[in-house]
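*Asks:* Predicted model and sequence below, questions to follow.
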Protein chains: 2
Amino acid sequence: MPIATIEWKNNCIRIINQTKLPLKLEHLDCRNIKTIWKAIKELQVRGAPAIGIAGALGVILGIKDFPGQDIEGFKKKLDQTVKYLASSRPTAVNLFWALERMKRRAYSNLNLSLPKIKELLLDEALKILEEDKSICRKMADYGAKLIHDGDTCLTVCNAGALATADYGTALGVFYRAKEKGRVFKVFACETRPLLQGARLTSWELKEHNIDVTLIADNTAGYLMKEGKIDKVFAGADRVAANGDTANKIGTFNLALLSHYHQIPFYIVAPSSTFDLKLKSGKSIPIEHRKPQEVICLQSKKVAHSQVKVYNPAFDVTLHKFIRAFVTEKGLIKPPFAKNIPNVIR
Amino acid sequence: MPIATIEWKNNCIRIINQTKLPLKLEHLDCRNIKTIWKAIKELQVRGAPAIGIAGALGVILGIKDFPGQDIEGFKKKLDQTVKYLASSRPTAVNLFWALERMKRRAYSNLNLSLPKIKELLLDEALKILEEDKSICRKMADYGAKLIHDGDTCLTVCNAGALATADYGTALGVFYRAKEKGRVFKVFACETRPLLQGARLTSWELKEHNIDVTLIADNTAGYLMKEGKIDKVFAGADRVAANGDTANKIGTFNLALLSHYHQIPFYIVAPSSTFDLKLKSGKSIPIEHRKPQEVICLQSKKVAHSQVKVYNPAFDVTLHKFIRAFVTEKGLIKPPFAKNIPNVIR
């Protein structure tokens, strides 16, 4: 049973504060919309599917205290709430997808009483959370078939239980393969600047008794050249209709290295991560984050505090470097421009 | 005038303790051979040319107190000293090159008195140091011609004043271009695990008023894809006869990314970094370092202390990804297997 990364408990959103891991396993109860907005913004909760869930539950925090029966006022409040939550992070499309679902649920039930609408919204948010669990399991089932005894896999960032409501995306594949008795190893890229690989993935996999070895991101090419990597599995924050994929900064480097070394490179992502409105990766907005993430490391300064820093949080991997997508609806293989819209309706 | 990274002063080797930079500019006086061995091993002094100089001066510390006139005993002491210093770090060939030069100077003068031989050895070590200065200037002269107004360059690790007795190798090119009035920018990869780019390069370039921006290593591919990098300059720890080049881990990734984006990738290195005995990069020994370098960051833990770590300090860039070598003898272009032995005799 994976760790509960995000839950709805006693009328608040309970998350694991991931900025404290692995040194401290600390929960944070978000009781109002500002706290959950900040939690998303500052990566206390992170990972595309988990951000989607946090957004959906955030809507509940935003509207639950709306008084009276004024439907027009409520609509305004809901729109404000959604807009505010959408401003927390720009790249992972799951956030916008979940907020859109919440809005749709409310707007298609405006004939009901406000308490009833609020009830339906909570139902929708919890449905998104519950669905994510079963989606994780399905992706893991499809993905585990790609792992064979003796394989050594590489992963980047954290696409695990800490990024979802259950098993994770890329790491779910490893959990399922392990359950099926496969014998394999995993290398985890530490994933600078925020070290999700070092702090979260290596901790999570170790907790689940998966044979994991941590590397500096720079070591990936060396490992591949030495013939030590058989497959790469990564998550995603947004996939365009042609298969171009935004994911944690450095993913593109790994994909190109994999391509050169003829190592299959898989993206594991639920259909909520696909943004069919975007033709290619060129239109995916890339979040740029503050210099301190590179200059400091958990409050320890590692460079001159006045140095200029360029700190995009994501990059876009061209679809031609991706062997296949593992989704809850099965594997999607090239040609992606044809197959993605067929599978992800 | 660049900072004095390594000097011979009052019968000891004075180095800048680079593990303290950029937070503290602290000198360390190495008065005996164990201290300089440890300084090399622990990267208090680092960079292939500086390691060569440290090795040569280390020989002086090793033999200076050898008493009496026993030539056979002295030869034994010298051999032991050289062997001990050679055990500090395995990859940068400049160390072995410098130690070999020291040995040769002694062995070709065994007819002289011991005080005289010791004098000649000090002369040789200081010559290696002085030569490095003029070599830096020559490389910088050749390299600066490659930089044009408006260029944006990328570099990795620290191949600067802190890696040599003067200008540096790759960074020397930038210093010279700046002196010539060229207007250009530099991006510096932070260079995990030991952050030589963040701690040393960004500090050094900023001190010399060069427009420098620090990035996480993962950001290099994104920058190139955005068309933001015109040229890449890196140093080297050992170059094989065919041009395969060992340098800081992650250099190979950068070279492949450059190749894919058709960005010229230059290695700046003195002839002492070329090891013509090695046909290809396959035989370059790669140093593996302790897990703590990845798990901790300047004593701050960033991952679970029990996690397995794989931590090679260098990788090998295949010669086909290198546009040219900038040496003190001029540019070396492909075919390297023919041109390297012609230039580096």
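*Replies:* Nice, I can see it.

*Asks:* Next up, the contacts around the spatially closest residue to A:G235 that is not a sequence neighbour.
*Replies:* Spatial nearest neighbour of A:G235, excluding adjacent residues (C-beta to C-beta, 6 or more residues apart in numbering or on different chains): A:A159 at 2.9 Å. Bear in mind the C-beta positions are built from the backbone N, C-alpha and C, glycine included. A:A159 is in contact with A:G47, A:G168, A:T169, A:A170, A:L171, A:T201, A:F233, A:A234, A:G235, A:V268, counting by C-beta atoms under 8 Å, 6 or more residues apart in numbering or on different chains.

*Asks:* ok, so what distance separates A:A159 from A:F66?
*Replies:* 36 Å (C-beta to C-beta, to the nearest Å).

*Asks:* mind giving me the domain split of chain A?
*Replies:* Chain A breaks down by automatic domain parsing into domains covering A:6-137, A:143-343.

*Asks:* Include mean pLDDT when you put these into CSV, please.
*Replies:* Shown next, in CSV, are the domains of chain A (pLDDT from 0 to 100):
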stretch, mean pLDDT
domain A:6-137, 97
domain A:143-343, 96
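
*Asks:* Give me whichever of these is most buried.
*Replies:* domain A:143-343 (a mean of 22; mean count of other C-beta atoms under 10 Å in any protein chain shown).

*Asks:* Stretch A:282-299: how far from the chain's middle?
*Replies:* 16 Å (C-alpha atoms, centre = their mean, to the nearest Å).

*Asks:* now swap in stretch A:51-62 and tell me
*Replies:* 15 Å.

*Asks:* Now flag whichever of the contacts of A:A159 is closest to B:I53.
*Replies:* A:T201 (41.2 Å; C-beta to C-beta).

*Asks:* What strand or helix carries A:C153?
*Replies:* strand A:152-155 (DSSP states H and E).

*Asks:* Walk me through which strands that strand pairs with, and which way each runs.
*Replies:* strand A:185-189 (parallel), strand A:231-234 (parallel) (DSSP bridges).

*Asks:* contact partners of the last one?
*Replies:* When contacts are taken as C-beta under 8 Å, 6+ apart, the neighbours of strand A:231-234 outside the stretch itself are A:143, A:146-147, A:151-157, A:159, A:170-171, A:173-174, A:247-248, A:251, A:254-255, A:258, A:263-268, A:326.

*Asks:* Strands of the stretch 1-150 of chain A, residue ranges please.
*Replies:* A:6-9, A:12-16, A:27-30 (DSSP state E, counting those that start in this stretch).

*Asks:* mind putting those in a markdown table, distance to chain B included?
*Replies:* Shown next, in a markdown table, are the strands of the stretch 1-150 of chain A (distance: least, C-beta to the nearest C-beta, whole Å):
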| stretch | distance to chain B |
| --- | --- |
| strand A:6-9 | 22 |
| strand A:12-16 | 15 |
| strand A:27-30 | 19 |
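
*Asks:* Dump the ones you listed into TSV; add distance to B:Y310 as well.
*Replies:* Formatted as TSV, those follow (distance: least, C-beta to C-beta, whole Å):
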stretch	distance to B:Y310
strand A:6-9	32
strand A:12-16	28
strand A:27-30	33
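
*Asks:* Nearest to A:R137 among those strands would be which one?
*Replies:* That would be strand A:6-9 among those, by C-beta to C-beta, at 16.8 Å.

*Asks:* Partner strands of the closest one, with direction?
*Replies:* According to DSSP bridges, strand A:6-9 has these partners: strand A:12-16 (antiparallel).

*Asks:* roughly how far is the partner strand from the heart of the chain?
*Replies:* So, by C-alpha atoms, centre = their mean, the centroid of strand A:12-16 is 17 Å from its chain's centroid.

*Asks:* Can I get it in PDB, CA atoms only?
*Replies:* Presented in PDB, the C-alpha positions along strand A:12-16 are these (Å, rounded to 0.1, in the frame of the first residue of the first chain):
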ATOM      1  CA  CYS A  12      -9.100  19.900   4.900                       C
ATOM      2  CA  ILE A  13      -6.500  18.700   2.400                       C
ATOM      3  CA  ARG A  14      -3.900  16.700   4.100                       C
ATOM      4  CA  ILE A  15      -0.600  16.400   2.200                       C
ATOM      5  CA  ILE A  16       2.900  15.200   2.900                       C
END
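
*Asks:* what does it contact?
*Replies:* By C-beta under 8 Å, 6+ apart, the list of residues contacting strand A:12-16 from outside reads A:3-8, A:25-31, A:36, A:39, A:44-45, A:54, A:57-58, A:61, A:162.

*Asks:* With stretch A:50-58 instead?
*Replies:* By C-beta under 8 Å, 6+ apart, stretch A:50-58 touches A:5-6, A:8, A:13, A:15, A:30, A:33, A:36-37, A:39-40, A:45, A:81, A:85-86, A:88-89, A:92, A:94-95, A:97-99, A:101-102, A:124-125, A:128-129, A:132, A:162-165, A:272.

*Asks:* now that stretch, how far from the chain's geometric center?
*Replies:* Per C-alpha atoms, centre = their mean, the centroid offset for stretch A:50-58 relative to its chain is 11 Å.

*Asks:* Check stretch A:27-39 too.
*Replies:* On C-alpha atoms, centre = their mean, the centre of stretch A:27-39 falls 18 Å from that of its chain.

*Asks:* what is A:K231 paired to in the beta sheet?
*Replies:* A:C153.

*Asks:* ok, it to A:I215 distance?
*Replies:* A:K231 is 16 Å from A:I215, by C-beta to C-beta.

*Asks:* for A:I215, which residues make a bridge with it?
*Replies:* A:C189.

*Asks:* Same question for A:D275.
*Replies:* Beta-bridge partners recorded for A:D275 (DSSP bridges): A:A240.
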